[in-house]
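**Student:** fold the stuff below for me.
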Amino acid sequence: MFDALLTTDVVDGPVIVAVLALAGVAVAFLLVRRPTARWLLTALSAVAAGLVVSVGIWLVAVRWLDLFGTSLGLVNYAWITATCCAVALAVANLWRSPRWRKIVAVACIPVFIAAGTLAVNATYGINRTLGNLLSISTDKPIRLTPPTAASGYDTQLWKHWTPPADLPEHGKTGSQVIPNTGSGFPSRPAGIYLPPAALVKNPPPLPLVVMLMGQPGNPDPYQAAAVLDPIAAKHGGLAPIVIVADQLGDPLKDPLCLDTKRFGKAQTFLTQDVVDWAQKHLNITHDRRFWTIAGYSNGGQCALSIAVKRPDLFSNLIDISGEEFPGSDHEAAVLHDVFGGDRDAYEDQKPLRLMRGKDFRHTIAVFTVGSDDAMYRPVALRVAAAARQVGMNVDYHEVHNGGHVQKALTGGLQEGFRVLYPVLGLAAPS
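**Tutor:** Residues are numbered from 1 along each chain as shown. Below is the predicted model of the structure:
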């Protein structure tokens, strides 16, 4: 029962519709009272108070503390304002009203908060289930096929692969705990996507993708599966095996994708623990030319940082709406708290500096961003230009009106794999 509740879709379908409808009925109920001048003034005052509170939330959370690293967008501000006004209206109903009306008014408050939370979450569309929204993993441990003893990787797998009779229609998703043997980093279980070709009796070694989500965020394999399953269906079930690794540990913290005393060895976890585990437990090629590091937002910065630090490990990069450098949305705090005010030490961890003077001609990099993403579009343009200057084979793509939400993530993954499928030997050369 509890698992079914956590896996409930809260972005599309009846749940969010029902909650929003209930909230609408509750507002109507709270408004309908004997139409006196006193009540009219009280209701208007409540709405005004809600507006003031919503502006206060914006000032504190967005402008002063910059908790989200970006603007929330007009739609989300409208939902926050509507929620604050509805809660204020419920509070106004606690005065000069019978006891039963007070009880109903109090009961309406959590309904309004739930409706506002679900509405804001739905505009992003990334946390699709209640479990995702609450950062509770609902992915069950996935059964893994022991790696084959293949001596090499078929670089023309698309040409030589014949889908067998036992090829399933869809891939599988699940979770696996990756031991933090080398890093000690407290990661959450990683999401795993196994494409159809990995699920047959005699599967071929496949390319590896290590994917990193945003912050706050969850290592949820849904996004990768939703994009790769349709692509795999057009290529005989072929797709990379994907590890959605957790670079955060705590969804409310940003370890910067670095090894630090403050947050632990996130970088070592990704470049050592995750990689070692993948080679031992997944049926992947060990040829690093067919390994990809991918990420969205905070994860995009992390992917970029690892790609420029370890080109020997990952030859391919997908950076979707990525931040420019570690802690770019709270730079002053990171400089003070993590680097002790040492500006040079901080600068040395920024990808654009790390690129300088190095040869990345063997790296293929895909940079994508929403065309209307005012904050991250200039970053993507700047980073893509710098990557070209150091020899990376760069593909830059803007997702039309993708914003910094689900559409940008989905469109970015689609573009990334469109470019990389031929590179990974999963499709005929363009």
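
**Student:** got the end-to-end distance for stretch 285-293?
**Tutor:** Stretch 285-293 stretches 15 Å from its first residue to its last (CA to CA, to the nearest Å).

**Student:** pLDDT (mean, whole number) over it?
**Tutor:** For stretch 285-293, mean pLDDT rounds to 96.

**Student:** in it, what's buried?
**Tutor:** Thr285, Arg288, Arg289, Phe290, Trp291, Thr292, Ile293 (16 or more other CB atoms under 10 Å). In this view, the C-beta of every residue, glycine as well, is placed from N, C-alpha and C.

**Student:** remind me what the helix or strand encompassing Ala46 packs against, helices and strands.
**Tutor:** Assigned by DSSP states H and E, Ala46 falls within helix 37-57. Using 3 or more CB pairs under 8 Å, 6 or more residues apart in numbering; DSSP states H and E as the contact definition, the elements that helix 37-57 packs against are helix 74-92.

**Student:** identify the residues contacting the helix it packs on?
**Tutor:** With CB atoms under 8 Å, 6 or more residues apart in numbering as the test, helix 74-92 has contacts from 23, 26-27, 30-31, 42-43, 45-47, 49-51, 53-54, 57-58, 72, 105-106, 108-109, 112-113, 115-116, 119-120, 123.

**Student:** what residues sit buried inside that helix?
**Tutor:** Neighbour count says helix 74-92 has 76-77, 79-92 buried, by 16+ other CB under 10 Å.

**Student:** what's the closest of the residues you listed to Val244?
**Tutor:** Proximity to Val244 was ranked across the buried residues of helix 74-92 by CB to CB; first place goes to Asn76, at 25.2 Å.

**Student:** if I look at that closest one, how far off is Val87?
**Tutor:** Noted for Asn76: a distance of 17 Å to Val87, by CB to CB, to the nearest Å.

**Student:** contact partners for the closest residue to Lys280 other than its chain neighbours?
**Tutor:** Residue nearest to Lys280 in three dimensions, not counting chain neighbours: Pro147, with 7.4 Å by CB to CB, 6 or more residues apart in numbering. Contact partners of Pro147, counting by CB under 8 Å, 6+ apart, are Pro205, Gln279, Lys280, His281, Leu282, Asn283, Ile284.

**Student:** please redo it, this time with the cut-off set to 10 Å
**Tutor:** Pro203, Pro205, Ala278, Gln279, Lys280, His281, Leu282, Asn283, Ile284, His286 (CB atoms under 10 Å, 6 or more residues apart in numbering).

**Student:** pretty sure the last one is in a helix, no?
**Tutor:** No - His286: not assigned to a helix; according to DSSP: H, G, I helix; E, B strand; the rest coil it is coil.

**Student:** isn't it up against Leu208?
**Tutor:** Yes - His286 lies in contact with Leu208 (CB atoms under 10 Å); the separation is 9.1 Å.

**Student:** excluding sequence neighbours, find me the nearest residue to Phe185.
**Tutor:** Phe185 sits nearest to Phe269 (CB to CB, 6+ apart), 3.8 Å away.

**Student:** in a strand, that neighbour, correct?
**Tutor:** No - read with three-state DSSP, Phe269 is helix and lies in no strand.

**Student:** from Asn316, how far off is it?
**Tutor:** 20 Å.

**Student:** so where's the longest helix in the chain?
**Tutor:** helix 99-124 (DSSP state H).

**Student:** returning to what we had before: what sits in contact with each of His286 and Leu208?
**Tutor:** Ala278, Gln279.

**Student:** thinking again about what came up before, from Ser187, how far off is the residue nearest to Lys280?
**Tutor:** The gap separating Pro147 from Ser187 is 22 Å, by CB to CB.

**Student:** next up, phi/psi of Pro141, please.
**Tutor:** When read as degrees, to the nearest 10, the backbone of Pro141 gives phi -60, psi 130.

**Student:** if I pick Pro204, what's in contact with it?
**Tutor:** Counted by CB under 10 Å, 6+ apart, Pro204 has contacts Thr148, Ala150, Tyr153, Asp154, Leu157, His160, Trp161, Ala197, Ala198, Leu238, Asn283, Thr285.

**Student:** any regions of this structure where pLDDT drops low?
**Tutor:** Along the chain, the parts satisfying pLDDT under 70 run over 1-3, 65-71, 149-151.

**Student:** if you set the cut-off to 50 instead, what comes out?
**Tutor:** Along the chain, no part satisfies pLDDT under 50.

**Student:** one step back: just the ones of the contacts of Pro147 in helices?
**Tutor:** Taking DSSP H as the definition of helices, those contribute Ala278, Gln279, Lys280, His281.

**Student:** tabulate these (TSV), appending distance to Asp344.
**Tutor:** TSV is the format used below for those (distance: CB to CB, whole Å):
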residue	distance to Asp344
Ala278	34
Gln279	36
Lys280	38
His281	40
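
**Student:** neighbour-wise, give me the winner out of those.
**Tutor:** Neighbour tally across those (other CB atoms under 10 Å): the maximum, 22 neighbours, falls on Ala278.

**Student:** distance-wise, check that residue relative to Ser183.
**Tutor:** Distance, Ala278 to Ser183, by CB to CB: 15 Å.

**Student:** could you do Pro189 as well?
**Tutor:** Distance check for Pro189 against Ser183: by CB to CB, it reads 15 Å.

**Student:** likewise for Gln406?
**Tutor:** With the distance defined as CB to CB, Gln406 ends up 31 Å from Ser183.
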